[in-house]
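1. I would like the atomic coordinates for the input below:
(one chain, ligands or ions: 2)
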Amino acid sequence: MINKFSVFSDGLKFSILAIGLIACSRDAELQSPNLSPYSIDIPAGFPSPDIPADNAMTQNRVSLGKRLFFEKALSIDSSISCASCHFQIHGFSDPKRFSLGVGDSIGVRNAMALSNVAYQEDFFWDGGVPSLELQVLAPIENPLEMNFSVPQVVERLKKDPSYIYDFKKAYNREPDAYALVRAIAAFERTFISGNSPFDQYTYQGKTSALSASALRGKDIFFGEKAECFHCHTGFNFTDNRFQNNGLYSEYQDIGRARVTIKSSDIGRFKTPSLRNIEVTAPYMHDGSIASLEAVVQHYMSGGKGHPNQSPLIKPFTLTLQEQQDLIAFLKSLTDESFLNRQSLQP
Ligand code: HEC
Ligand code: HEC
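-> Ligands and ions are numbered 1, 2, ... in the order given. Here you go, the predicted structure:
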């Protein structure tokens, strides 16, 4: 069965909402006096993320966004918040294979990790959503997740004077869809993770940060036998493209083809960042691989041979020690300071 997110199959409703939300491209609200800027701490080796012109980062916006990220009133029966499926200690992913929405309804894809989401260009495993702001609409309206609607969320928030106050401080307007999606996106842009042992070794000159095993694993990761780095590339370990890594010979979830309707895109999914990969199991778009050991086995096997499988996925052999080394390298991408950062907690 192909995944069915009604908010996007109901294309008309989505585009009307989307037009209303992106129409204003200049940040007139910034004229308001009480807006101290929020400066994102950019780790060494990282570029500055693009911040949309109409959603400049301010302290008040980030704190409103945080409040909303943990707000269960965003779901129809006030049982689920964004954080119910995106756990900080798991890199803001969900250890469940498929997350539970309201009434324990079960989703169809594995909840994505949100580290460094400020740098992403397309959202969701199939890239079906073009901005972090617009992404907020999807879980609220998805019947398998929050099963609510943005206008109803706004009505609910307007009944709470403390929200009226916080929205005014942040965007100089009453609670509305415009400010709701922008505040949550502003908070998510602070999910910057760049202080793992790998970063300390590579960008902070701390040569002792990586063990001998992780260093050997690094050479495997960046070598032409395993080919990992061709797709998991750059500071965020993703090419920001859609690839078929040979997970299946036939895909139930057609991935990128859902968006492009091209058969050459069947089974292509967004190359996920590997940051904090140690704590974001289970793996792949459908959470079908439980451990990093099994992920390495998958790549060594050369994939299941789908017609769209990338030519970079082909059989290779690693000794047991080399497999352990590669996994030690993957684990060196765990950023404890991010997973425990207080500013990301309610
Ligand atoms: C019931 C579980 C659930 C809830 C609630 C939920 N999410 Fe998600 N989230 C997911 C799943 C599953 C995906 C992957 C969906 C897909 O690819 O189709 C996802 C993907 C995302 C992504 C895309 C990341 C990327 O790199 O493309 C972002 C951003 C996100 N969620 C933020 C949020 C925010 C903000 C909220 C609250 C408004 C929220 N989520 C609520 C399960 C959930
Ligand atoms: C052809 C591009 C490509 C190559 C080469 C590649 N990957 Fe991937 N990788 C992907 C894609 C695409 C996914 C997601 C596939 C899916 O969900 O169906 C993925 C998923 C993963 C995941 C799971 C991530 C998550 O959040 O669930 C891990 C771990 C991983 N790859 C590690 C590696 C390692 C280690 C190598 C080298 C042995 C490697 N990859 C080589 C494209 C690639």
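2. Quick check, central residue of this structure?
-> The centroid of the chain falls nearest to residue 114 when counting by CA atoms, centre = their mean (3.4 Å).
3. how about the residues of the protein near ligand 1?
-> For the chain, the residues in contact with ligand 1 (CB under 6 Å from any ligand atom) are 74, 80, 82, 84-86, 99, 101, 107, 109, 111-112, 114, 117, 120, 123-125, 132, 135-136, 139-140, 145-146, 184, 188. Where you see a C-beta, it was placed from the backbone N, CA and C, and this is true even at glycine.
4. go with 5 Å
-> By CB under 5 Å from any ligand atom, the residues of the chain that approach ligand 1 are 80, 82, 85, 99, 101, 107, 109, 111-112, 120, 123-125, 135-136, 139, 145, 184.
5. in the stretch 151-300 of the chain, which spans are strands?
-> Under the criterion DSSP state E, counting those that start in this stretch, the stretch 151-300 of the chain contains strands at 242-243, 269-270.
6. TSV for these, including mean neighbour count?
-> What follows is the strands of the stretch 151-300 of the chain, written out as TSV (neighbours: other CB atoms under 10 Å):
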stretch	mean neighbour count
strand 242-243	22
strand 269-270	24
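7. Filter the residues of the chain next to ligand 1 down to just the ones in helices.
-> Here DSSP state H is the test, and those give 135, 139, 184 as lying in helices.
8. Just give me the closest of those residues to ligand 2.
-> residue 135 (17.0 Å; CB to the nearest ligand atom).
9. What is the nearest of the ones in helices among the residues of the chain next to ligand 1 to ligand 1?
-> residue 139 (3.4 Å).
10. ok, the closest one touching residue 148?
-> No - applying CB atoms under 8 Å, one finds residue 139 not in contact with residue 148, separated by 9.4 Å.
11. Those two - which one has more neighbours?
-> residue 139 (26 against 22; other CB atoms under 10 Å).
12. Now do the contacts for the more buried one.
-> 82, 85, 145-146 (CB atoms under 8 Å, 6 or more residues apart in numbering).
13. Report whether stretch 210-230 contacts ligand 2.
-> Yes - looking at stretch 210-230 against ligand 2 by CB under 5 Å from any ligand atom, the contacts come from 226-228.
14. Name the residues of that stretch that come out as buried.
-> 210, 213-214, 216-218, 220-221, 226-229 (16 or more other CB atoms under 10 Å).
15. how about those in CSV, adding distance to residue 193 and pLDDT?
-> Below are those laid out as CSV (distance: CB to CB, whole Å; pLDDT from 0 to 100):
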residue, distance to residue 193, pLDDT
210, 17, 98
213, 22, 98
214, 17, 98
216, 24, 98
217, 19, 98
218, 18, 98
220, 23, 98
221, 18, 98
226, 23, 97
227, 24, 97
228, 19, 98
229, 19, 98
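16. Tell me the one of those nearest residue 267?
-> residue 227 (18.0 Å; CB to CB).
17. What is the neighbour count of the nearest residue to the closest one once chain neighbours are set aside?
-> Nearest non-adjacent residue to residue 227, counting by CB to CB, 6 or more residues apart in numbering: residue 312, 4.6 Å away. Applying other CB under 10 Å, we find 16 residues neighbouring residue 312.
18. Distance of residue 312 relative to ligand 2?
-> 4 Å (CB to the nearest ligand atom, to the nearest Å).
19. ok, now residue 207?
-> 23 Å.
20. same thing with residue 121?
-> Taken as CB to the nearest ligand atom, the span from residue 121 to ligand 2 is 15 Å.
21. Can you name the residues that contact that residue?
-> residue 240 are the contacts of residue 121 under CB under 8 Å, 6+ apart.
22. quick one: pLDDT of the nearest residue to residue 230 once chain neighbours are set aside?
-> Counting by CB to CB, 6+ apart, residue 230 lies nearest to residue 312, which is 5.3 Å off, once chain neighbours are set aside. Listed pLDDT for residue 312 reads 98.
23. surely residue 62 meets residue 186?
-> Yes - with contact defined as CB under 8 Å, residue 62 reaches residue 186; the gap is 5.2 Å.
24. Compare these two (neighbour count), which wins?
-> Between residue 62 and residue 186, residue 186 has the larger neighbour count (other CB under 10 Å), namely 29 against 20.
25. just checking, that one touches residue 65?
-> Yes - in this structure residue 186 lies within contact range of residue 65 using CB under 8 Å: 4.8 Å.
26. That'll do, ta.
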